[in-house]
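Chemist: All I have is the shape, not the residue letters:
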């Protein structure tokens, strides 16, 4: 629903969408094109009012259009406008549409809750599995790369035991907040268990460094996060704030380090374990990282340790 109006016309009409609640539910659950455009098409098919639009702000009354607010459960979702239909004729459709828009919002909220970690706001393992399957398929089709960083917080159990679970929860929340400030628009932060996280670097372009024509690589972003988490403060914890944090992780890239989600995750996990054996506060990079470096195309394994 936008201020310029939503219309039901499109370049590719979907003949499978017929008038009826079952088809609209199917469209909603499969994220077809949104409830507004789909419902407008159904209304147009049933009434032959071809000028129906949904607008956020109603037009001036002087233009002669019939305008009815779309409301449900005390909320206003927009306004249904038509020159061909009377206001009385529109009210039933506006009520029906308001109900579907409210259900759509509720469905979206439930879907977010199903895919989101309650404590940190990061995406959960269920989302990670679905997102990786979709993203790897896209990467294969478009012949582009994909990188995952698996890491956990060094000595997290010690922090939990020493400062309490409330402090541990705050550390996890702040870690996700910091990650979200470092990653690019198309990247995703997932909590896959306890203090273990996976960052999916799937943005094909991403922001560029000042003065550079090259996109920031996943390796650069991982190093930046590793450096910044060592400097992270916890003002909410006051005198109970823990000392310096660090992470140990592994970074694996498609297609060099694995061609499936399971292979990439397994490879990144092995690299993360290697980081632990190196003394922690280490990110170990798989051979794929070298392929993504602008200055080098020779495969090699690299490690990064913040002094």
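Modeler: It's in. Fair warning: this is a prediction, and the values are worked out from it, not measured in the lab.

Chemist: Let me see the domain layout of this structure.
Modeler: 21-114, 125-305 (automatic domain parsing).

Chemist: Grab the nearest non-local neighbour of residue 155.
Modeler: Leaving aside its chain neighbours, residue 155 sits nearest to residue 280 (7.7 Å; criterion: Cβ to Cβ, 6 or more residues apart in numbering). To be clear about C-beta, it is placed using only N, CA and C from the backbone, and glycine gets the same treatment.

Chemist: quick one, what contacts that neighbour?
Modeler: 154, 155, 246, 248 (Cβ atoms under 8 Å, 6 or more residues apart in numbering).

Chemist: List the contacts of the residue sitting nearest the centre point of the chain.
Modeler: Centroid-nearest residue in the chain: residue 188, 5.8 Å away (criterion: Cα atoms, centre = their mean). Taking Cβ under 8 Å, 6+ apart as the contact definition, residue 188 lies against 123, 127, 128, 131, 199, 200, 202.

Chemist: where along the stretch 201-307 of the chain do the helices fall?
Modeler: 218-230, 261-277, 287-291 (DSSP state H, counting those that start in this stretch).

Chemist: Can you say which of the ones you listed is nearest to residue 96?
Modeler: The minimum distance between residue 96 and those falls on helix 261-277, with 41.2 Å, by Cβ to Cβ.

Chemist: among the helices of the stretch 201-307 of the chain, which is nearest residue 109?
Modeler: Of all the helices of the stretch 201-307 of the chain, helix 261-277 comes closest under Cβ to Cβ, at 26.8 Å.

Chemist: Who are the packing partners of that closest one?
Modeler: helix 125-142, strand 146-153, strand 247-254, strand 282-285 (3 or more Cβ pairs under 8 Å, 6 or more residues apart in numbering; DSSP states H and E).

Chemist: Please tell me how far the residue nearest to the centre of the chain sits from residue 120.
Modeler: To residue 120, residue 188 is 13 Å away according to Cβ to Cβ, to the nearest Å.

Chemist: now swap in residue 186 and tell me
Modeler: 20 Å.

Chemist: Compare those two (neighbour count), which wins?
Modeler: Neighbour tally, residue 186 and residue 120, criterion other Cβ atoms under 10 Å: the higher count belongs to residue 120, 21 against 13.

Chemist: Which element, helix or strand, includes the more buried one?
Modeler: Here residue 120 sits in a region with no helix or strand, counting by DSSP states H and E.

Chemist: before we move on, back to that, what two of the contacts of residue 280 have the greatest distance between them?
Modeler: Maximum distance among the contacts of residue 280 (Cβ to Cβ): 9.9 Å, for 155 and 248.

Chemist: Compare those two (neighbour count), which wins?
Modeler: Taking other Cβ under 10 Å, residue 155 and residue 248 do not tie; residue 248 has more neighbours (26 against 17).
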